[in-house]
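**Q** One predicted model, sequence on top.
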Amino acid sequence: MLQQHRRMAAACLEMFERLMQYAQDKGFADSAEEIRFFKEMRPGPESDWMFHRDVSALLAAAPPVGSEQIYAYYQQALADIAAFFNRHGFLRTYLQSGQELLDDKLFTRCTVPGELADWGACLYADWPTARCSTVLAAFYAKEKVSAWIESYLQRRQGYNVTATGHTPVLQWTGSKAALVELLYALQQSGMLNGGKATIKDLADFFCDAFTVDLGNYYRSFQELRIRKKNRTSFLDDLKTRLIRYMDETDLNYNG
């Protein structure tokens, strides 16, 4: 999951940079067009990059899955997001009210006075920018990060909390190829979510449940698919081990 968000962050950043370069090359016909760009066009792509960047940072620094610190870690992240919204309460209230009176101050390339001067940093230091545009993007991004954290914690509580209230630690210690083989087999069985579970759904679940980063599991599957023999070696081994265990259990029971 970490690698997926890192790849998405890189892709979103590339798209955002293209947008900024286009705007820099084209320029603006008037202040209304400039405001529209910084208030409506730029924040969306920039917030997509911020979201994947921030989730990547959270995952990279998170305690081991199953540890007692994991819940407190993400609760602190939610508290930090709330503090950010409180810190920039004036701008958030202004935007939510639908006002436009200060747009020429907040969303044009000018020197922002007073307390607004530190609201956001531009990726293009050599090109003047509307700093509040970046803060607006941060609002969007942090709202999505907050929703992601809450969903992540709910998923973990849903399948990791036992009757005793303790969270068991299960870590995948086999090969990633074996896990990819298993998740594709489960997805093709049609027995999860009435056959509606996708490969991505299963991959995200396994990554969370077993503390493993599957990386590019689509490529791993293609490598399995083009094998000339033993394409399902892990599943074959599972079947062999289960039958052997059944046979041994039968012998012990009969004895």
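**A** Ah, there it is.

**Q** Show me the domain layout of this protein.
**A** 2-160, 176-254 (automatic domain parsing).

**Q** for those domains, which one ends up most surrounded?
**A** domain 2-160 (a mean of 16; mean count of other Cβ atoms under 10 Å). For the C-beta atoms, the positions are set from N, CA and C on the backbone; glycine is no exception.

**Q** chain center to that one: distance?
**A** 14 Å (Cα atoms, centre = their mean, to the nearest Å).

**Q** that older thread, in JSON lines, list the domains of the chain along with mean pLDDT.
**A** Converted to JSON lines, the domains of the chain look like this (pLDDT from 0 to 100):
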{"stretch": "domain 2-160", "mean pLDDT": "80"}
{"stretch": "domain 176-254", "mean pLDDT": "87"}
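
**Q** mind checking the SS state of residue 212?
**A** Using DSSP: H, G, I helix; E, B strand; the rest coil, the secondary structure recorded for residue 212 is coil.

**Q** and it, what does it touch?
**A** Contact analysis of residue 212 by Cβ atoms under 8 Å, 6 or more residues apart in numbering lists 171-172, 176, 179, 206.

**Q** can you redo the residues you listed as CSV with distance to residue 76 and secondary structure?
**A** Compiled in CSV, the contacts of residue 212 are given as follows (distance: Cβ to Cβ, whole Å; DSSP: H, G, I helix; E, B strand; the rest coil):
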residue, distance to residue 76, secondary structure
171, 24, coil
172, 27, coil
176, 31, helix
179, 31, helix
206, 26, helix
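
**Q** surely residue 135 meets residue 90?
**A** No. At 10.7 Å, residue 135 does not count as touching residue 90 under the criterion of Cβ atoms under 8 Å.

**Q** Now do the helices in this structure.
**A** For the chain, the helices defined by DSSP state H occupy 2-26, 31-36, 43-61, 69-87, 89-96, 103-106, 131-160, 176-189, 199-210, 217-225, 233-254.

**Q** any idea how far residue 152 is from residue 136?
**A** According to Cβ to Cβ, to the nearest Å, residue 136 and residue 152 sit 25 Å apart.

**Q** Need the nearest residue in space to residue 204, chain neighbours excluded.
**A** Leaving aside its chain neighbours, residue 204 sits nearest to residue 1 (6.0 Å; criterion: Cβ to Cβ, 6 or more residues apart in numbering).

**Q** That neighbour reaches residue 206, doesn't it?
**A** No. In this structure, residue 1 is not within contact of residue 206 by Cβ under 8 Å, at 9.7 Å.

**Q** Spit out the contact partners of the closest residue to residue 231 other than its chain neighbours.
**A** Excluding the flanking residues, the one nearest residue 231 by Cβ to Cβ, 6+ apart is residue 224, at 5.8 Å. By Cβ under 8 Å, 6+ apart, the contact set of residue 224 is 177, 180-181, 184, 231-232.

**Q** if you set the cut-off to 10 Å instead, what comes out?
**A** Taking Cβ atoms under 10 Å, 6 or more residues apart in numbering as the criterion, residue 224 is in contact with 177-178, 180-181, 184, 230-234.

**Q** Same list as before, these that is, but in TSV and with distance to residue 46 included.
**A** Shown next, in TSV, are the contacts of residue 224 (distance: Cβ to Cβ, whole Å):
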residue	distance to residue 46
177	37
178	40
180	34
181	39
184	36
230	47
231	44
232	44
233	45
234	42
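
**Q** Show me which of the residues you listed is closest to residue 27.
**A** residue 180 (48.9 Å; Cβ to Cβ).

**Q** how close does the closest one get to residue 235?
**A** 11 Å.

**Q** ditto for residue 194
**A** 23 Å.
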